[in-house]
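[1] I need the structure of the sequence given here:
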Amino acid sequence: MLARDWMAIAWPAFLLAAVLEMVVFALVDPGDLHWAGQPLAWSRQAVYTVSFFAFWGVTLASSALSVLLVSRRSED
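    Take a look at the predicted model:
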């Protein structure tokens, strides 16, 4: 893949991850999160950071799949 393809994948994924972060944490308080029945021992900042990168990873995979499908289709 070219650098242009990577930017076409990463930039929309970054923007969508930012929107997801805002929407999710407008509704969920990171201080109220629990894991396996125990309160999560992370700071709010850590929860925001990890969740952003998780959202970015999922949307990055989605964008990469879209670019892959479009590029394969144009080769046919």
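[2] can you list the buried residues in stretch 5-17?
    For stretch 5-17, a neighbour-count test (16 or more other CB atoms under 10 Å) marks 8-9, 12-14, 16-17 as buried. Glycine gets a C-beta too; all of them are placed from N, C-alpha and C.
[3] for those, point out the one with the lowest pLDDT.
    The pLDDT minimum for those sits at residue 8, where the score is 87.
[4] ok, that residue - contacts?
    Contacts for residue 8 (CB atoms under 8 Å, 6 or more residues apart in numbering) come out as 63, 67.
[5] which secondary structure state does it sit in?
    helix (DSSP: H, G, I helix; E, B strand; the rest coil).
[6] just want to check the distance between it and residue 20.
    Per CB to CB, to the nearest Å, residue 8 is found 19 Å from residue 20.
[7] one more: residue 11?
    From residue 11 to residue 20 the distance is 15 Å (CB to CB).
[8] tell me the pLDDT of residue 52.
    Looking at residue 52, its pLDDT is 97.
[9] pretty sure it contacts residue 14?
    No - using CB atoms under 8 Å, residue 52 is not in contact with residue 14; the gap is 9.4 Å.
[10] narrow the buried residues of stretch 5-17 to those in helices?
    8-9, 12-14, 16-17 (DSSP state H).
[11] residue ranges of the helices in the protein, please?
    In the chain, the helices defined using DSSP H lie at 3-27, 44-75.
[12] where among those helices is average confidence lowest?
    What stands lowest among the helices of the chain, in mean pLDDT terms, is helix 44-75, with a mean of 89.
[13] quick check: angle from that one to helix 3-27?
    140 degrees (axes from the mean of the first three to the mean of the last three CA atoms, to 10 degrees).
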